[in-house]
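Student: Predicted model and sequence follow; I will ask about them next.
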2 protein chains.
Amino acid sequence: MELLFNYVNQHSEEYIHRLREAVALDSVSSDPCKRSRCVDMAHYICNWIERLGGKSIIKHVGKQKFADGQVLDYPPIIFGDFCVDQQRPVVLAYCHYDVQPADIQDGWRFNPFELVEEQGKLYGRGATDDKGPLLDWLWAIEAHRQLGIPLPVNLLLCFEGMEESGSFGLDKVIEEESKGILYHVKYVCITDNYWLTEHRPCLTYGLRGIVYFQVHVRGPQMDLHSGLFGGLVHEPMNDLTHLLGTLTDNQGNILIPKVMDSVAPVTKEEESIYERILFDPEQLRKEAGQVSQLRESDKVKLLMNRWRFPSLSIHGIQGDFSGQGEKTVIPCAVTGKFSIRLVPHQQPQEIAHHVENFLKQQFAQFHSGNELQVEWRGASPWLADYHNSNFTAARLAFKKVYQVEPDLTREGGSIPITNTFQEYLGGEICLIPLGSPDDGAHSQNEKMNKLNYIEGIKVIIAYMNELAKQMS
Amino acid sequence: MELLFNYVNQHSEEYIHRLREAVALDSVSSDPCKRSRCVDMAHYICNWIERLGGKSIIKHVGKQKFADGQVLDYPPIIFGDFCVDQQRPVVLAYCHYDVQPADIQDGWRFNPFELVEEQGKLYGRGATDDKGPLLDWLWAIEAHRQLGIPLPVNLLLCFEGMEESGSFGLDKVIEEESKGILYHVKYVCITDNYWLTEHRPCLTYGLRGIVYFQVHVRGPQMDLHSGLFGGLVHEPMNDLTHLLGTLTDNQGNILIPKVMDSVAPVTKEEESIYERILFDPEQLRKEAGQVSQLRESDKVKLLMNRWRFPSLSIHGIQGDFSGQGEKTVIPCAVTGKFSIRLVPHQQPQEIAHHVENFLKQQFAQFHSGNELQVEWRGASPWLADYHNSNFTAARLAFKKVYQVEPDLTREGGSIPITNTFQEYLGGEICLIPLGSPDDGAHSQNEKMNKLNYIEGIKVIIAYMNELAKQMS
Ligand SMILES: [Zn+2]
Ligand SMILES: [Zn+2]
Ligand SMILES: [Zn+2]
Ligand SMILES: [Zn+2]
């Protein structure tokens, strides 16, 4: 591995030069005007895969109709096949080659699609999300090839071009190919997230799920004037605010019966993992829009609230008067939107069932004569066994490159593809974050640290190497 | 009076012809393109006043800046002075000559600005709101003049051209002229509302007031993602829904301490007035957008809820996610909008004080660290003594024309000019509705019944006559 690491150290200029090329291909998946750039980006990667001796496979997923009536092909899903040994399991690496929109008008210090290097930081849209990590995989392969060292594992790349716009088509392709090119996949490695702190690498072994509710309350057939009808009708807004008010206490703790029952109890081992994590609550308070106080001040409690306990947020109400100023209206039909973040062993189906029952019971007591309808959509929480071969390899890889034991972390949100891979491929999934928390993915002045970008190549080299050892 | 009534009966064709002219002057006060039509309408009326031997006075109230940048004169306020005897008190008649917008596209059966007579109904924008009633005053004067009968009272007309757009300038003119042309006004008669039922005339002796609240809860400096921050911060939406939920019980009854204390107790006399009122709850249920049930089924309780008890309506929330679909946002700052309709002896100031105290007390218990700010704006309730000379004259006038005792009614909304006159002129104010409840003011296919229009002239003739008797 020394040879490979040395090679990487000697080629950083080239690595940055090529990232500059990749960023210049402004593959914004949400913008119909830039759809051709997404396609260019896909070809750029496929050519590279072929140059590296891999087999590139392009999967088209159909046509997209935009709001303005344009119909364009979706950006394709790319596979890069570097399998060397039919007898051994396959490692699947996932990244995405599309990026968020960016406009210098929005407060960028540079043209977002021209990579700028400044004080060890590489600024540009997509630098960290997710072109830097994507290139890291290609450079890791390239180093092996240049040095004539065969890859230690069967590597299969899966690069998507619609991640920032709902991942259209990915589920279907993964499902179809689970009997095809993905049949032998045993390990999945996703490199599309961030360290918890700038100062220490981490591995992500858990994500929260979600159930998103839309609660419709319908009364009169049209909006009414509150002077004429205030006091005469059961107002849907009154029903709805009372319903929303029963979901949590005034601290935000969930009051819905049975919802908390299926939350896994905290184990001793877990506590010790949380204790050790490098994390500054004050830093979090600043990131949370400078709130005057957080709901917890203790590091462990705070992280557990974020990662391993459910939370309920009310997002808004549709159909009410939501404009500026005053309007004396009694809205005739309103929809409350709220969601619950799920953790093991909560399942969307079961939680939705409890919530719906509770809402209906409460509502029945109002005798309002209005109509209640509850809609929901959900995604399961995800939790990996961080003792498995995949995590062990990733852990040892970070240790090798950074000389430090990575923290074991989870995330408060969902990363839908994780569930997709889990569902259709099974096996062991690991999230290896390569970016830094201050990278500003999706924001102005997105950047990737030069160090993270270059060392990321070594992490991937070491990861493949360690995973090969785990297999034998 | 027989002579006058006969004269009216003989001239109905002319009355309709002139209403057609007035409707054709599409004086929509909200539309800058139609501002010149408002001015035309004002001149049309002034010329008529002069022809009738009155003195027309035009009051300009300044310039209006429209959203599109145009700057135009406000429609003027017109006075028509028909005072005959310096020794006697003055009667002020109020109407407005501007109308709501109307477009045949919106579902009108005819061109809204071409009066159509069909089965005893006169269709057209402004027919009932408020050009029909306005013309009734002019015809009443004309009948006297044609027959050489002097007006029995000192009559002063006050016709406004901005009523449908916030009555800009009226307060100021009334205040200024309270020491000028309005100095001797003792009786005010407002003809700009509707009977409670088609089948019996009524007089309006009460209006509810209002306090409109905007409750701001501010937390983080920007919206947050519920995956990252759900469970970590005190969410403003959680604070706000809990606050709104404490205002009323799930039936809509007001729970705010002290707010109900100043509501005047129901008297025996009142009850008997309500008992006698002709009114169909089932009809109301239909008008209320076909709600499945009203909060009360009993006629008296229902009307009291509408007119003489306060009600609280939640209108909406600003700053939350109010669009279609799903968004996992934690809104950083939200504003709840609700209002309380006031009745004697509730005063806006005092009620606002109780509400604000209550909200602050509740909020303090949340210890959320967010910021609460309460804004309000109010108008007082209005209640007249229906035993006074003005009401007695109006009552006798209806009896004379319709051979029936009019019902004594109130309204659930506010009519701001009533408070303006009360405040600056004092004296006795009476609302004489001339239109029918199904006239559809502000809606498509607005109409005035030919009968209401023609008999309205007689009502005004009889009213002036009776008022003169009351004075002597
Ligand atoms: Zn990404
Ligand atoms: Zn992204
Ligand atoms: Zn009107
Ligand atoms: Zn009106």
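Tutor: Nice, thanks for sending it over. Predicted model, so just to flag it, every value in this text is computed and none were measured. Ligands and ions are numbered 1, 2, ... in the order given.
Student: Going by C-alpha atoms from here, please, whenever you check contacts or count neighbours.
Tutor: Noted.
Student: Is A:Val334 part of a helix or strand, or is it coil?
Tutor: Put simply, A:Val334 is strand when judged by DSSP: H, G, I helix; E, B strand; the rest coil.
Student: Let me see the contact set for the nearest residue to it once chain neighbours are set aside.
Tutor: Leaving aside its chain neighbours, A:Val334 sits nearest to A:Gly319 (4.6 Å; criterion: Cα to Cα, 6 or more residues apart in numbering or on different chains). For A:Gly319, the contact set (Cα atoms under 8 Å, 6 or more residues apart in numbering or on different chains) comprises A:331, A:333-335, B:322.
Student: can you do 10 Å?
Tutor: Counting by Cα atoms under 10 Å, 6 or more residues apart in numbering or on different chains, A:Gly319 touches A:216, A:223, A:237, A:331-336, B:315-317, B:322-324.
Student: and the gap between it and B:Gly316?
Tutor: 8 Å (Cα to Cα, to the nearest Å).
Student: Need the overlap of contacts for these two.
Tutor: Here A:Gly319 and B:Gly316 have A:237, A:331, A:334, B:322 as joint contacts, going by Cα under 10 Å, 6+ apart.
Student: name the element A:Lys179 belongs to?
Tutor: Here A:Lys179, judged by DSSP states H and E, is contained in no helix and no strand.
Student: just checking, it touches A:Lys172?
Tutor: No - the criterion here is Cα atoms under 10 Å, and A:Lys179 misses it with A:Lys172 at 12.0 Å.
Student: shared neighbours of these two, anything?
Tutor: When Cα under 10 Å, 6+ apart defines a contact, the residues bordering A:Lys179 and A:Lys172 alike are A:Tyr424.
Student: circling back: which of the shared contacts of A:Gly319 and B:Gly316 lies closest to A:Gln64?
Tutor: Using Cα to Cα, the shortest approach to A:Gln64 within these belongs to B:Ser322, at 26.4 Å.
Student: Dig out what whichever residue of the stretch 201-350 of chain A sits closest to ligand 1 forms beta bridges with.
Tutor: Using Cα to the ion, the point where the stretch 201-350 of chain A gets nearest to ligand 1 is A:Thr204, with a distance of 14.5 Å. Beta-bridge partners of A:Thr204, counted by DSSP bridges, are A:Thr409, A:Leu431.
Student: Return the residues in contact with it.
Tutor: Going by Cα under 10 Å, 6+ apart, A:Thr204 touches A:190, A:193-196, A:383-384, A:386, A:391, A:406-411, A:429-433.
Student: among these, which ones are buried?
Tutor: Buried members of these, scored by 16 or more other Cα atoms under 10 Å in any protein chain shown, are A:190, A:193-196, A:383-384, A:386, A:391, A:406-411, A:429-433.
Student: Filter those residues down to the ones in strands?
Tutor: A:190, A:383, A:407-411, A:429-431 (DSSP state E).
Student: filter the residues you listed by proximity to ligand 1?
Tutor: The subset of these within reach of ligand 1, by Cα under 5 Å from the ion, is empty.
Student: any idea which of those residues is closest to B:Tyr7?
Tutor: B:Tyr7 lies nearest to A:Glu411 out of those, by Cα to Cα, at 86.1 Å.
Student: ok, now how distant is the closest one from ligand 1?
Tutor: In this view, A:Glu411 and ligand 1 are 14 Å apart by Cα to the ion, to the nearest Å.
Student: got the contact list for the closest residue to A:Ala24 other than its chain neighbours?
Tutor: Leaving out its chain neighbours, the residue that sits closest to A:Ala24 by Cα to Cα, 6+ apart is A:Phe113, at 4.9 Å. By Cα under 10 Å, 6+ apart, the contact set of A:Phe113 is A:20-27, A:102-104, A:123-127.
Student: Tell me the buried residues within those.
Tutor: Buried by 16+ other Cα under 10 Å: A:20, A:22-27, A:102, A:123-127, out of the contacts of A:Phe113.
Student: want to throw those into JSON lines with secondary structure, distance to B:Gln10 and pLDDT?
Tutor: As requested, those are exported to JSON lines (DSSP: H, G, I helix; E, B strand; the rest coil; distance: Cα to Cα, whole Å; pLDDT from 0 to 100):
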{"residue": "A:Arg20", "secondary structure": "helix", "distance to B:Gln10": "91", "pLDDT": "98"}
{"residue": "A:Ala22", "secondary structure": "helix", "distance to B:Gln10": "89", "pLDDT": "98"}
{"residue": "A:Val23", "secondary structure": "helix", "distance to B:Gln10": "87", "pLDDT": "98"}
{"residue": "A:Ala24", "secondary structure": "helix", "distance to B:Gln10": "86", "pLDDT": "98"}
{"residue": "A:Leu25", "secondary structure": "coil", "distance to B:Gln10": "85", "pLDDT": "98"}
{"residue": "A:Asp26", "secondary structure": "coil", "distance to B:Gln10": "82", "pLDDT": "98"}
{"residue": "A:Ser27", "secondary structure": "coil", "distance to B:Gln10": "81", "pLDDT": "98"}
{"residue": "A:Ala102", "secondary structure": "coil", "distance to B:Gln10": "76", "pLDDT": "93"}
{"residue": "A:Tyr123", "secondary structure": "strand", "distance to B:Gln10": "88", "pLDDT": "98"}
{"residue": "A:Gly124", "secondary structure": "coil", "distance to B:Gln10": "85", "pLDDT": "98"}
{"residue": "A:Arg125", "secondary structure": "coil", "distance to B:Gln10": "83", "pLDDT": "97"}
{"residue": "A:Gly126", "secondary structure": "coil", "distance to B:Gln10": "84", "pLDDT": "97"}
{"residue": "A:Ala127", "secondary structure": "helix", "distance to B:Gln10": "88", "pLDDT": "98"}
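Student: So which of the residues you listed is the closest to chain B?
Tutor: Of all the buried ones among the contacts of A:Phe113, chain B sits closest to A:Ala102, with 19.3 Å by Cα to the nearest Cα.
Student: correct me, but that closest one touches A:Gln444?
Tutor: Yes - in this structure, A:Ala102 is within contact of A:Gln444 by Cα under 10 Å, at 7.3 Å.
Student: got the end-to-end distance for stretch A:254-266?
Tutor: End residues of stretch A:254-266 are separated by 18 Å (Cα to Cα).
Student: Per-residue pLDDT of A:Lys447, please?
Tutor: Per-residue pLDDT puts A:Lys447 at 97.
Student: Beta-bridge partners for the closest residue to it other than its chain neighbours, please?
Tutor: Nearest in space to A:Lys447, with sequence neighbours left out and distances taken as Cα to Cα, 6+ apart, is A:Tyr123 at 4.1 Å. Note on A:Tyr123: beta-bridge partners by DSSP bridges are A:Val116, A:Lys447.
Student: mind listing what A:Tyr123 touches?
Tutor: By Cα under 10 Å, 6+ apart, the contact set of A:Tyr123 is A:20, A:23, A:108-117, A:439-440, A:444-450.
Student: same deal with A:Leu203?
Tutor: By Cα under 10 Å, 6+ apart, A:Leu203 lies in contact with A:193-196, A:386, A:391, A:394-395, A:398, A:406-410, A:430-434.
Student: ok, 8 Å please
Tutor: A:Leu203 touches A:195, A:391, A:394-395, A:406-410, A:430-433, counting by Cα under 8 Å, 6+ apart.
Student: possible to save the residues you listed as CSV with pLDDT and distance to A:Arg37?
Tutor: Formatted as CSV, the contacts of A:Leu203 follow (pLDDT from 0 to 100; distance: Cα to Cα, whole Å):
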residue, pLDDT, distance to A:Arg37
A:Trp195, 97, 30
A:Phe391, 98, 35
A:Ala394, 98, 33
A:Arg395, 98, 36
A:Pro406, 98, 37
A:Asp407, 97, 37
A:Leu408, 97, 37
A:Thr409, 98, 35
A:Arg410, 98, 34
A:Cys430, 98, 30
A:Leu431, 98, 28
A:Ile432, 98, 28
A:Pro433, 98, 26
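Student: Could I get those residues in CSV, plus columns for distance to ligand 4?
Tutor: Shown next, in CSV, are those (distance: Cα to the ion, whole Å):
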residue, distance to ligand 4
A:Trp195, 65
A:Phe391, 74
A:Ala394, 75
A:Arg395, 76
A:Pro406, 73
A:Asp407, 71
A:Leu408, 69
A:Thr409, 66
A:Arg410, 63
A:Cys430, 69
A:Leu431, 67
A:Ile432, 69
A:Pro433, 66
